[in-house]
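1. Sharing a model prediction with you, sequence too.
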Amino acid sequence: MKVCVTTIAGDVFTLDVSAELELINFKALCEFECRVPSDQCAVIHDGVLLNEPMKTLGAYGVKDGDMILLQQTQQPAPTQQGNPGAFNLDFSQIQVPGTSRPSGQQPRLPPLQQAQQQAEAGAENDPAKLREMLLSNPHQLSLLKERNKPLADALLSGNLDAFTEVLEKQRKERAERELMQIRMMNADPFDPDAQQQIAETIRLKNVDANMETAMEHAPESFGQVVMLYIDVNVNSHPVKAFVDSGAQMTIMSQACAERCNIMRLVDKRWAGIAKGVGIQKIIGRVHLGQIQIGPDFLQSSFAILEDQPMDMLLGLDMLKRHQCCIDLKNYILKIGTTGTETPFLGEAELPACARLNRSESLENTSMESEDKQLAEALNRSAQDAAGPSATSSGTHQEPSQQPAPFPESTISELTAMGFQRDEVITELGKHNGNKQLAAAALFAKNLKLPGQ
């Protein structure tokens with residue numbers, strides 16, 4: 001039969017025992033589970049103390065599924081030896097309704113539980129021990145990657161100082177949140193600030209509950225999908241084209257246009273700036289070109305972008321003109337005007353910039369480029385408008401990577417910050433004369449972390 005054993009300290013465990021098991025052997029089993037000496041155990045069943053060690057559990061009326069209370073007794077005092085009928089039970093851990101524990105009194109725990117809590121507290125306070133514990137436990141490490149990515153990245157970086165910094169920052173934020181909750185609980189419930197904090201707490205709990213529900217019932221929503229690419233030919237050159245029904249026009253990168261030998265057809269009167277998720281400079285437009293999809297040759301126009309990671313994007317202008325249908329059930333693109341069907345590419349066939357496991361360098365490049373694109377495009381437009389005047393005003397400057405020199409005032413401002421003149425001119429050349437970007441690059445190049 002199975003009996004449920006509970007202790008005053010709150011430990012609960014189940015034992016599979018026989019009804020013929022003597023009480024003394026039952027205490028020995030309990031000692032193995034909760035580390036309480038058998039000679040200090042008091043076994044209580046249905047409010048009755050079981051005090052005959054050689055009597056079986058069945059004789060005491062213990063049945064399958066019964067609950068047994070295990071109490072650790074105190075050492076008997078000398079004055080109580082004359083009263084053999086009394087037994088020593090420690091009821092100090094029992095909370096009487098309506099009373100509170102004295103402020104200085106802490107609940108007494110079994111030795112094993114105390115040791116475990118002390119070890120856990122020591123590991124939490126010592127970042128080095130916590131780091132070793134997480135690295136030695138693959139399950140905890142996987143959970144950390146899923147639920148706390150900044151701390152997991154610092155852990156896997158191998159730098160203890162970085163891990164300690166992130167850990168202390170998160171501990172400080174957690175302490176501030178707990179302090180705010182305490183203030184909220186002690187504040188006037190009708191205070192507007194308290195009402196706002198309560199509403200924010202409720203909102204965050206609803207967000208967490210919504211995420212937990214999604215992780216349980218729709219875990220696929222946390223994954224990433226492969227973008228839609230097809231194989232096309234432009235001027236007999238193979239190109240992997242991205243199908244985007246949310247783009248207004250069909251675009252092509254300058255590098256792809258040069259490979260396909262259509263740069264000679266670019267009309268630069270259509271130059272401008274394309275704004276969307278990022279910002280790109282439009283060199284011009286090819287008014288009419290042919291795209292081969294399967295056996296069909298389709299007409300389309302292209303906007304040529306100067307710095308675009310993907311080679312080609314089929315926009316809504318081309319898709320609507322040829323009545324294309326994106327069939328996700330069969331994973332094909334249907335050309336309505338010709339009836340041709342072409343399959344979308346799998347992840348292994350995608351270009352490097354579109355794969356889910358693309359390298360970190362490409363990821364960082366795409367993120368940083370968005371911050372530089374607008375400034376670079378405006379700067380180039382200003383230089384094109386300046387024309388020969390900019391060239392004549394800077395003939396005394398040292399040669400740099402750009403043929404056009406830079407204003408002496410810009411160079412003087414940067415050299416006043418402590419940088420060498422040749423370094424300033426080099427960075428200005430790399431960033432097309434943009435003073436802010438050049439200064440940021442110079443600071444980043446000369447920044448040294450402690451220990452390096």
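-> Right, received. Where do you want to start?

2. So which bits of stretch 265-283 are buried?
-> Leu265, Val266, Ala271, Ala274, Gly278, Ile279, Gln280, Lys281, Ile282, Ile283 (16 or more other CB atoms under 10 Å). Placement of C-beta: from N, CA and C, glycine included.

3. So which of those residues sit within strands?
-> Within the buried residues of stretch 265-283, residues falling in strands by DSSP state E are Ala274, Ile279, Gln280, Lys281, Ile282, Ile283.

4. what two of those residues have the greatest distance between them?
-> The span of these, defined through CB to CB, is set by Ile279 and Ile283 at 14.2 Å.

5. Show me the strands in the stretch 101-250 of the chain, by range?
-> 229-234, 237-243 (DSSP state E, counting those that start in this stretch).

6. Can you give the strand pairings for the shortest one, parallel or anti for each?
-> Pointing back at strand 229-234 there. Strand pairing for strand 229-234, determined by DSSP bridges: strand 237-243 (antiparallel), strand 279-293 (antiparallel).

7. before we move on, the earlier item: so which of the ones in strands among the buried residues of stretch 265-283 comes closest to Asp46?
-> Among these, and counting by CB to CB, the member closest to Asp46 is Ile279, at 77.8 Å.

8. for the closest one, which residues make a bridge with it?
-> Using DSSP bridges, the bridge partners assigned to Ile279 are Lys275.

9. residues in contact with the residue nearest the centre of the chain?
-> The centre of the chain sits closest to Lys149, judged by CA atoms, centre = their mean, with a distance of 4.1 Å. Taking CB atoms under 8 Å, 6 or more residues apart in numbering, we find Lys149 in contact with no residue.

10. Repeat that for Phe26.
-> Phe26 touches Leu15, Val17, Val43, Leu57, counting by CB under 8 Å, 6+ apart.

11. Quick check, pLDDT for the first one.
-> Taken from the predicted model, the pLDDT recorded for Leu15 is 85.

12. likewise the third one?
-> As predicted, Val43 sits at a pLDDT of 87.

13. Following element in sequence after the helix or strand hosting it, please.
-> For Val43, the host element (DSSP states H and E) is strand 41-45. The first helix or strand that comes after strand 41-45 along the chain, using DSSP H and E, is strand 48-50.

14. Return the set of buried residues in that next one.
-> By neighbour count with 16+ other CB under 10 Å, strand 48-50 contains the buried residues Leu50.

15. And stretch 252-260, by the same measure?
-> Met252, Ser253, Gln254, Cys256, Ala257, Arg259, Cys260.

16. same check, this time on stretch 178-195
-> Of the residues in stretch 178-195, those buried (16+ other CB under 10 Å) are Met184, Ala194.

17. just the CA coordinates of it, formatted as CSV?
-> C-alpha atoms of stretch 178-195 as CSV (Å, rounded to 0.1, in the frame of the first residue of the first chain):
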residue,chain,number,x,y,z
GLU,A,178,10.2,44.5,-5.7
LEU,A,179,10.6,47.8,-3.9
MET,A,180,8.1,49.4,-6.2
GLN,A,181,5.6,46.6,-5.5
ILE,A,182,6.1,47.1,-1.7
ARG,A,183,5.5,50.8,-2.1
MET,A,184,2.4,50.1,-4.2
MET,A,185,1.0,47.7,-1.6
ASN,A,186,1.6,50.3,1.2
ALA,A,187,0.3,53.3,-0.8
ASP,A,188,-3.1,54.7,-0.8
PRO,A,189,-5.2,52.6,-3.2
PHE,A,190,-7.0,55.7,-4.5
ASP,A,191,-3.7,57.5,-5.3
PRO,A,192,-3.4,58.1,-9.0
ASP,A,193,0.2,56.9,-9.1
ALA,A,194,-0.7,53.8,-7.2
GLN,A,195,-3.6,53.1,-9.5
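
18. Run the chain-centre distance for that stretch.
-> Counting by CA atoms, centre = their mean, to the nearest Å, stretch 178-195 is centred 30 Å from the centre of its parent chain.
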